[in-house]
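below is the structure, and that's it, no one-letter string:
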Ligand code: ADP
Ligand code: MG
């Protein structure tokens, strides 16, 4: 790549060492390329002049033109302000300066027509604009309608006169020299297919847009490019993985048929069948499977995992099922053991609290191949846990695991890397799964088992406690059980624990006649399991808990989920918690208890929960509120490296970019054709982390 773009920013006309140091520090701009990639984050419409009569309070920045008819200096010293009386044919506004009065005042003259730009405020019945931009109206300004880019900058930079406008001027200076040097990054075929403008024009339009339509075309092209190279990278990784890693052939179905015909307690949903077929196809393909199984809470992922396990076991392979918590591991074990026993499949549980003797037995039986399914927590990852032939690794609720842990699972079979099935009950929006999991195959269970009643969700203010307690009592009298959940946020763990304990006491006071369980993260695993078990058996009627019960726990008789301080939970968590009820045949309820003081965002979260039970819809709102990066946590968001592209609004661009990338991977995976030379250069540059030209896009 041309060294021109690596030129230190200091050498740009109008910058110099001091400003360069500031740009380095404040905006991470070190080189010409960095500056060019500092895109405007919005544009102001300077195509329209408003008349003063048209102004109203809700307006963002507006542009007016007129003349100065008077001025006043009001106040003394630091409190002094300059007030300019500014008129057009329809009325007047006050232009006000609190700073730089000495500098601006002599420049403002009567009898000259000015263009003024700023945000109008109303005091009494008069509009004023504080610190407006003001310049003499020239014929050029009058006719040259344009969109003014706005660049992010910082307070420090503004004080040193590096405001948005100054950055804009630097871009203009740079673009004069850079324009003809900006290399094309997309092949002719793609440019033609989508009628894209050349790269250099797109970059120029982004900084100096000529008109709205050109700007939109430029932005579209640049976003396309970001998504295209991201997708290409993911798809190429996937292709390499598929070629490099042979998968164990798992194709026998006798065991499965036997189970299906005599022991399956219900009919599978269409979605479950579809997913099982997808997994089976992978097993038969001779390639290693890496599949993400998405399915809302209660959609029945466990049985899918079990059926996949049967296919693996039938072909002589073993299965590991890893859960994020002891409670969950327990529950999986209990649930699956029932099925396993019926068809002579041997299953064991290994967690942090397994006794040495039991452990040793498990280790032996794994090595001899006697043990078919091992369920457990991350204790499974320990090196002493060795399989005879691990064929399938199932990871439940994967968002709690890192990639590194997944890699440790891989190492447990030296001949064939095990097939991997990752199950998650946290639906994520399509754009996000295409980005973060773009290199995985994705299966979705988008259908709940028949006969489920939709959970009714209500919002209650905590002042209505008595009514709420009355409702809970009625449900318990009908024979149901109730969860009461308190938030647990790590920074204030002590406070939260106190909230929980206070809550526990008040629940006890309100329901002295019923036995109550309590579970929280500070309890020993044994004590937790004991309390959990009492609730599962129905010995206790109310379970007071923190979010440790968030994932996976299955108590079909529990039909009421009360979430205290619901405003403190995120949407994904609320959705998970709600999923703990509605698992039996009864009508279930989720009650979100909040104070009266709700932030705007908290209101959106609560209202969304009340409105819908669709996990994907909830995930979409969650992404709108938090942004994609936050949603995935910092670790994974690193993979979503976008400057202009936004997963919240750019699904159409992402979709065509993915298609274009798929076509390339299919037709020219090695990027050997002359046509795809430019793509190859980009991919190599990305790998080298040199000037990253796919990012200038
Ligand atoms: P999740 O996808 O949240 O892990 P589970 O696998 O725990 O859901 O299933 C939830 C409940 O639904 C379990 O009690 C399970 O036995 C039951 N279930 C699963 N599939 C079906 C089905 N096709 N028909 C009826 N009940 C089902
Ligand atoms: Mg589950």
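Nice, I can see it. Quick caveat: nothing in here was measured; it's all calculated off a predicted structure. Ligands and ions are numbered 1, 2, ... in the order given.

show me where the stretch 1-150 of the chain has strands.
Counting by DSSP state E, counting those that start in this stretch, the segments of the stretch 1-150 of the chain that form strands are 42-45, 62-74, 81-88, 91-97, 113-118, 120-123, 126-130, 133-136, 147-150.

nearest to residue 586, of these?
When the strands of the stretch 1-150 of the chain are ranked by distance to residue 586, counting by Cβ to Cβ, first place goes to strand 42-45 at 51.2 Å. Glycine gets a C-beta too; all of them are placed from N, C-alpha and C.

what is the mean pLDDT for the closest one?
What strand 42-45 shows for mean pLDDT is 83.

residues in contact with it?
61, 117, 147-150, 209, 215 (Cβ atoms under 8 Å, 6 or more residues apart in numbering).

how many neighbours does the residue in the stretch 451-600 of the chain that ligand 1 sits nearest to have?
Closest approach of the stretch 451-600 of the chain to ligand 1 (Cβ to the nearest ligand atom) occurs at residue 554, with a separation of 5.1 Å. Other residues near residue 554 come to 18 when the count uses other Cβ atoms under 10 Å.

can you get me a residue count around residue 364?
When counting by other Cβ under 10 Å, one arrives at 11 neighbours for residue 364.

so what's the residue of the chain positioned farthest from its centre up against?
Centroid-distance maximum for the chain: residue 111 at 55.8 Å, with Cα atoms, centre = their mean. With contacts taken as Cβ under 8 Å, 6+ apart, residue 111 has the following neighbours: residue 67.

quick thing: my sequence starts at 17, can you match it?
Taking 17 as the first residue, the last one we looked at is residue 127.

quick check: it vs ligand 1, distance?
76 Å (Cβ to the nearest ligand atom, to the nearest Å).

mind checking the SS state of the closest residue to residue 520 other than its chain neighbours?
Of all residues not flanking residue 520 in the chain, residue 560 sits nearest, at 4.7 Å (Cβ to Cβ, 6 or more residues apart in numbering). In terms of secondary structure, residue 560 is strand; the call rests on DSSP: H, G, I helix; E, B strand; the rest coil.

who does residue 560 bridge with?
Here residue 560 sits in beta bridges with residue 500, residue 534, as judged by DSSP bridges.

quick check: it touching residue 500?
Yes: in this structure, residue 560 sits in contact with residue 500. The criterion is Cβ atoms under 8 Å, and the distance is 4.9 Å.

give me the common contacts of these two.
Counting by Cβ under 8 Å, 6+ apart, the contacts common to residue 560 and residue 500 are 519, 523.

return the helix or strand in this protein with minimum mean pLDDT.
Lowest by mean pLDDT, DSSP states H and E among the helices and strands of the chain is helix 644-653, with a mean of 55.

now tell me what touches the helix or strand following that helix from outside.
Toward the C-terminal end, the helix or strand that comes next after helix 644-653 (DSSP states H and E) is helix 667-683. Counting contacts by Cβ under 8 Å, 6+ apart, the residues outside helix 667-683 that touch it are 206, 209-210, 236, 239-244, 246-248, 251-252, 255, 446-447, 450-451, 454, 661, 663, 687, 692, 695.

what residues does the stretch 367-516 of the chain have near ligand 1?
Where the stretch 367-516 of the chain comes near ligand 1, counting by Cβ under 6 Å from any ligand atom, the residues are 441, 465.

what ranges do the helices span in the stretch 367-516 of the chain?
Under the criterion DSSP state H, counting those that start in this stretch, helices of the stretch 367-516 of the chain are mapped to 372-384, 419-426, 446-452, 481-493, 509-526.

by contact count, what packs against the fourth one?
Secondary structure elements in contact with helix 481-493, counted by 3 or more Cβ pairs under 8 Å, 6 or more residues apart in numbering; DSSP states H and E, are strand 497-501, strand 574-579, strand 605-610.

where's the closest residue to residue 144 other than its chain neighbours relative to ligand 1, distance?
Computed as Cβ to Cβ, 6+ apart, the closest residue to residue 144 that is not its neighbour in sequence is residue 110, at 4.0 Å. Per Cβ to the nearest ligand atom, residue 110 is found 62 Å from ligand 1.

what residues are up against residue 110?
99-102, 142-145.

and the single nearest residue of the stretch 417-566 of the chain relative to ligand 1, what does it touch?
Among residues of the stretch 417-566 of the chain, the one nearest ligand 1 by Cβ to the nearest ligand atom turns out to be residue 465. It sits 3.2 Å away. Counting by Cβ under 8 Å, 6+ apart, residue 465 makes contact with 282, 285, 314-316.

repeat that for 7 Å
Neighbour list for residue 465: 282, 285, 316 [criterion: Cβ atoms under 7 Å, 6 or more residues apart in numbering].

if we check ligand 1, which of those are in contact?
Filtered for proximity to ligand 1 (Cβ under 6 Å from any ligand atom), the contacts of residue 465 shrink to 282, 285, 316.

residues of the chain that sit close to ligand 1?
282-285, 288, 311, 313-319, 441, 465, 570, 599.

show the buried residues in those.
Judged by neighbour count, with 16 or more other Cβ atoms under 10 Å as the criterion, the buried members of the residues of the chain next to ligand 1 are 284-285, 288, 311, 313-319, 441, 465, 570, 599.

looking at the residues you listed, which are in strands?
Within those, residues falling in strands by DSSP state E are residue 311.
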